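Colleague: here's my sequence, what's the structure:
(2 chains)
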Amino acid sequence: MEKFIENLPPMDLMRSEKMTLVQLIIPAESSHRAITYLGELGLLQFRDLNADKSPFQRTFANQVKRCAEMSRKLRFIKDQISKANLLSSMRPVMQPDIELEELEIQLAEHEHELIEMNSNSEKLRQSYNELLEFKIVLQKAGDFLVSSGSHAVSERELDENVYSNNDYVDTSSLIEQEMRPGRSDQSGLRFISGIICKSKALRFERMLFRATRGNMLFNQAPADEDIVDPVEKTVFVVFFSGEQARTKILKICEAFGANCYPVPEDITKQRQITREVSLRLADLETTLDAGIRHRNKALTSIGMHLVKWMNMVRREKAVYDTLNMLNFDVTKKCLVGEGWCPIFAKAQIQAALQRATFDSSSQVGIIFHTMDAIESPPTYFRTNKFTNAFQEIVDAYGVAGYQEANPAVYTVITFPFLFAVMFGDWGHGICLLLGALVLLARESKLSTQKLGSFMEMLFGGRYVLLLMSLFSIYCGLIYNEFFSVPYHIFGGSAYKCRDTTCKDAYTVGLVKYQDAYPFGVDPSWRGSRSELPFLNSLKMKMSILLGVVQMNLGIIISYFNARFFSSSLDIRYQFVPQVIFLNSLFGYLSLLIIIKWCTGSQADLYHVMIYMFLSPTDNLGENQLFWGQRPLQIILLLLALIAVPWMLFPKPFILKRLHTERFQGRAYGILGTSEMDLDVEPDSARQHHEEFNFSEVFVHQMIHSIEFVLGAVSNTASYLRLWALSLAHSELSTVFYEKVLLLAWGYDNIVIRLVGLAVFAFATAFILLMMETLSAFLHALRLHWVEFQNKFYHGDGYKFRPFSFASLTEDED
Amino acid sequence: MYGFEALTFNVDGGYLEAIVRGHRAGLLTASDYNNLCQCENLDDIKMHLSATEYGSYLQNEPSPLHTTTIVEKCTLKLVDEYKHMLCQATEPLSTFLEYITYGHMIDNVVLIVTGTLHERDVHELLEKCHPLGMFDSIATLAVAQNMRELYRLVLVDTPLAPYFSECITSEDLDDMNIEIMRNTLYKAYLEDFYRFCQKLGGATSEIMSDLLSFEADRRAVNITINSIGTELTRDDRRKLYSNFGLLYPYGHEELAVCEDIDQVRGVMEKYPPYQSIFAKMSYGESQMLDKAFYEEEVKRLCLAFEQQFHYAVFFAYMRLREQEIRNLMWISECVAQNQKSRVHDSVVFIF
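Modeller: This next block holds a predicted model:
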């Protein structure tokens, strides 16, 4: 046995990679290059040796700051490019590598240039806007003045109620007055015209009214020409009298951000100014356009390098962040770093370091050596794109401890299989398969682009989906269900009707006339009187068999774990009683099931199992399946009873004895050093070993034993979910097929048939293919996480996160 | 309502209470302050803050930073959070939240009016205003020549209008008048806020009356100390004290006749909660009083988070954040002016 196990071929994924703690002593001049090469390699996880220092106290804080500054500039440029809608023209272009310092200078130049261009065009735009506003004010205010000028009405004094009465005659008369040259000064009536944000206009008017105590007239018109400013504006003209009112109004205009423009009262002068303004506007427009063209050209030329530059800056920042984790040695000439790496990668790392030494033409090589580690190393499984998803399923529960047996090895097959047991229908399986194949066919395309969270999940699990669909086709063939319809694929049915009309088939049953149907469930069971009892009994027993097998597998893996960590205590006082307990109860049940299937016996297994506990000595009567069953049952029961104290008591007592033995001769020594021990930090490894708390260990063991004993019952029962889900799935698809599709097909009406077909299709797609897949997935997940993994899996490790540029780009985006 | 507000509080206020408690968890801690105090220059401060909730507000600032930029961005964050909460709030929480900003509004009005009196540029003044206390026609304040105009032109539209009834005079504005106006407004505001909280009932009124009483008492002490040696008469001084709080009414009578700081101290030491504040100071000293009051306030504000289902957490959070921004401003100033020895003088640790 031992030899056989020794000779088993090694499994890569079973144990995580052997790791080692390494120390690097890097001369300062080659440190940057060395870290860069290590980042490209991506197989070394650095430990933070400066954890107690805040970020700005670290050695390379300045460089990190410079990188942050550069990435800020790059963000600014990217922002500018996307604002100018030039993103589509951004193509990464191959170009010679440039140094970081050079890039920094270039970036500063580009930013400076951009800011200058922006401020220039901003200035131009502002003056353009002002001119445009002036033009609009001229037009609109001129309109006010002219339109009222045509009315020739008698003169009136301006009085308090002009505004409140809103008397049009008054208004026009006043404007008439205003229009006449020379007269306005006499009556002291003046006007201010300008432009203001539409949203502020109402408050502005109210404020003017209050400030002048109503002695004013406010006229406004919306500016319909679109000003480059995005807010809607309104042109206004205010008429008032008096110098004090003028200063007040001007102050209010200023406070509200209204731009005032002088409008000449003379029409010809107005026309002349309008013409001038239009001319200058056209000039400005061409200048603005030229400016924008120039800016766009500059942006496109920058845009070509942008992606590369951003990558570069990101890498540099990561390198300096990593350098910050290193320590200076006493001479300040070398950097000392510590980290974890897989043993297989040592040669590669050494090669990279040599290359770094050579490339930076350093006098002194980089020293690379392994160290002893107190803490446990990180867990690193080398997965490929196929096993990755399964490893993720396991890691979602907990990352395996260092070198602990990895359940993902078995999950690759058992997970899709248990899923399929619940989702057995080869029609639905084919649908899933098509979906999985689509994902696989577009793998290369989908993996490069960004997906939504749902698609991301679906795409990440594409190989899980593939296996799930294949297994559900397999299970569907066994259940003989194609969208719940049975087919005679593997030859004819073993049953036939008693007479030719076959009308008593449902009440009396069919007769068997030839050999059993060769594969899966006989199609004749469908719709027969005993369909449900038969299928239920089959699926229930199958679930228990599968469950017992998987739980046994879990216990066997715990044996391999104990062997690997050479803890014979666990084998003798945990593994052996567990195997005995589980198999003497539920292993025996499985045996009974298989015997019953093989012999076709009528024995009631419930009865056998229940009376095995209640009265083991009673005669089994007609429920006896084989000779010597009663004594066997008594022996198994006794074994199970012995197994419980076996796994509960010995282990803690033996641990206690070992502990006292180990420290027996050192009683005085311990006393002598007790003060020193207090000084060392409480979580150091040594302290931990010396404190042996028996009651704690015992309670721990007790919890574990009770959990296993109760768990054996409840976990076996838990596997019955395989039957329940499978039953629910098949019943649900039967309902949709018979009560929707067949019912609709019964009508000789194309519309009803189409509606029936549509409902059936939607129900199949959304309820059966999506909801049921999800629920079967979740139940399979639970069976693995709880029922399977709690037999052996600790999951208390932490993942290996190497410093790598490849993972960097993924993180940041 | 009392005793049952917990039953229905979450219908309207649950989401926002969760939000505000989440924000509170983002306040800088003592270790953050310790790190900040060790910074060598403003870039270090930015670097440290980028690891906190302020990160996204500061990350796009070009490198030669100024203290004002840091404070401005931090305030912007507070304003964003406030606006978000105000948008989500329903009555009466939205009114409560609005009440919190009136104090800033009063300060802004006073700032603008004083500024125009000294003929400063309005836009320059507007930049200095606290963004929480902005209202639409604030720029028009510069037009007003006296209190009556101030009220009639501008403030009649703002929520401050009712508080103005006490101080409408036709006198021209001068520094003294403005200071009296500020305190009268503040008095009316605090009393109104106090009444409003009483009306809300439950834990809100309980905790808020404690916090507002403290605020009123602190103002009373500050008014007394600042008016010693000015021409303000005792009656006028008495009129500026808010009509509630621990000192009301007997303490106010005694404060009104105080002639120097030691007399104030004598009055205050009769009140046990304030004894500890004054016990820290030596006689004749009033420099550290502000800090002592701030520390006491922060302590009380933190306690407001110990109870659930009340609105005082919003008030407490806003005040704590403001204190945090004051701390950041002080630290940044000290770092920028190379006065690191004084950095601990005015920083009030929140946790």
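Colleague: alpha carbons only for contacts and neighbour counts from here, please
Modeller: OK.
Colleague: can you give the distance from stretch A:387-400 to the centre of its chain?
Modeller: 15 Å (C-alpha atoms, centre = their mean, to the nearest Å).
Colleague: going by neighbour count, list what's buried in that stretch.
Modeller: A:387, A:388, A:389, A:390, A:391, A:393, A:394, A:395, A:397, A:398, A:399, A:400 (16 or more other C-alpha atoms under 10 Å in any protein chain shown).
Colleague: cool, stretch A:424-435 as well?
Modeller: Buried-residue list, stretch A:424-435, by 16+ other C-alpha under 10 Å: A:424, A:425, A:426, A:427, A:428, A:429, A:430, A:432, A:433, A:435.
Colleague: which element is the fourth one on?
Modeller: Assigned by DSSP states H and E, residue A:427 falls within helix A:426-441.
Colleague: next secondary structure after that helix?
Modeller: Next along from helix A:426-441, by DSSP H and E: helix A:443-448.
Colleague: show me the contact partners of that following helix.
Modeller: By C-alpha atoms under 8 Å, 6 or more residues apart in numbering or on different chains, the residues outside helix A:443-448 that reach it are A:439, A:459.
Colleague: how near is residue A:570 to residue A:692?
Modeller: As judged by C-alpha to C-alpha, to the nearest Å, residue A:570 and residue A:692 stand 18 Å apart.
Colleague: quick one: the strands in the stretch 251-400 of chain A?
Modeller: Ranges of strands in the stretch 251-400 of chain A, per DSSP state E, counting those that start in this stretch, are A:259-261, A:327-328, A:334-342, A:367-371.
Colleague: what element comes up after the helix or strand containing residue A:456 heading to the C-terminus?
Modeller: Element membership of residue A:456 [criterion: DSSP H and E] is helix A:453-460. Scanning forward in sequence from helix A:453-460 by DSSP H and E, the next helix or strand is helix A:462-479.
Colleague: need the mean per-residue confidence for that next one.
Modeller: Per-residue pLDDT values over helix A:462-479 give a mean of 94.
Colleague: leaving out sequence neighbours, find the closest residue to the residue of the stretch 1-150 of chain B found nearest chain A.
Modeller: Of all residues in the stretch 1-150 of chain B, residue B:139 sits closest to chain A, at 4.8 Å by C-alpha to the nearest C-alpha. Leaving aside its sequence neighbours, residue B:139 sits nearest to residue A:255 (C-alpha to C-alpha, 6 or more residues apart in numbering or on different chains; 4.8 Å).
Colleague: residue A:570 and residue A:692: which is more packed in?
Modeller: residue A:570 (18 against 14; other C-alpha atoms under 10 Å in any protein chain shown).
Colleague: so who does the more buried one touch?
Modeller: Counting by C-alpha under 8 Å, 6+ apart, residue A:570 makes contact with A:559, A:562, A:651.
Colleague: change it to 10 Å
Modeller: A:558, A:559, A:561, A:562, A:563, A:576, A:647, A:651 (C-alpha atoms under 10 Å, 6 or more residues apart in numbering or on different chains).
Colleague: tell me the residues of chain A that contact chain B?
Modeller: A:53-57, A:61-62, A:64-66, A:68-73, A:75-76, A:200, A:203-204, A:206-211, A:247-257 (C-alpha under 10 Å from any C-alpha of the partner chain).
Colleague: buried subset of these?
Modeller: Buried among the residues of chain A next to chain B by 16+ other C-alpha under 10 Å: A:55-57, A:61, A:64-66, A:68-73, A:76, A:200, A:204, A:207-211, A:248-256.
Colleague: in helices, which of those fall?
Modeller: Counted as lying in helices by DSSP state H, out of those, are A:61, A:64-66, A:68-73, A:76, A:200, A:204, A:207-211, A:248-256.
Colleague: okay, now the unreliable bits of the chain?
Modeller: Since no chain was named, I'll use chain A. A:1-2, A:87-98, A:146-188, A:224-230, A:500-509, A:664-691, A:809-813 (pLDDT under 70).
Colleague: I was thinking of chain B, sorry if that wasn't clear
Modeller: Using pLDDT under 70, chain B drops low at B:1-3, B:168-172, B:282-287, B:351.
Colleague: mind listing the strands for the stretch 101-250 of chain B?
Modeller: Counting by DSSP E, counting those that start in this stretch, the stretch 101-250 of chain B contains no strands.
Colleague: helix/strand/coil for residue A:498?
Modeller: coil (DSSP: H, G, I helix; E, B strand; the rest coil).
Colleague: which ones are touching residue A:211?
Modeller: A:205, A:245, A:248, A:249, A:252, B:143, B:144, B:149, B:152, B:153, B:154.
Colleague: what does stretch A:627-643 contact?
Modeller: By C-alpha under 10 Å, 6+ apart, the residues outside stretch A:627-643 that reach it are A:573-574, A:576-585, A:588, A:592, A:608-609, A:612-613, A:615-620, A:624, A:646, A:705, A:709.
Colleague: in that stretch, what counts as buried?
Modeller: In stretch A:627-643, counting by 16+ other C-alpha under 10 Å, buried: A:630, A:633, A:634, A:636, A:637, A:639, A:640, A:643.
Colleague: what's the angle from the biggest helix by length in chain A to strand A:334-342?
Modeller: If you go by DSSP H, chain A has its longest helix at helix A:267-323. Using axes from the mean of the first three to the mean of the last three C-alpha atoms, to 10 degrees, the inter-axis angle of helix A:267-323 relative to strand A:334-342 is 80 degrees.
Colleague: same for helix A:267-323, what does it pack against?
Modeller: Applying 3 or more C-alpha pairs under 10 Å, 6 or more residues apart in numbering or on different chains; DSSP states H and E, one finds that helix A:267-323 contacts helix A:28-41, strand A:45-46, helix A:61-83, helix A:100-149, strand A:334-342, helix A:805-812.
Colleague: circling back: export the buried residues of stretch A:627-643 as CSV, with columns for secondary structure.
Modeller: Listed next are these as CSV, based on three-state DSSP:
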residue, secondary structure
A:630, helix
A:633, helix
A:634, helix
A:636, helix
A:637, helix
A:639, helix
A:640, helix
A:643, helix
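Colleague: from those, pick the one nearest chain B.
Modeller: residue A:643 (51.9 Å).
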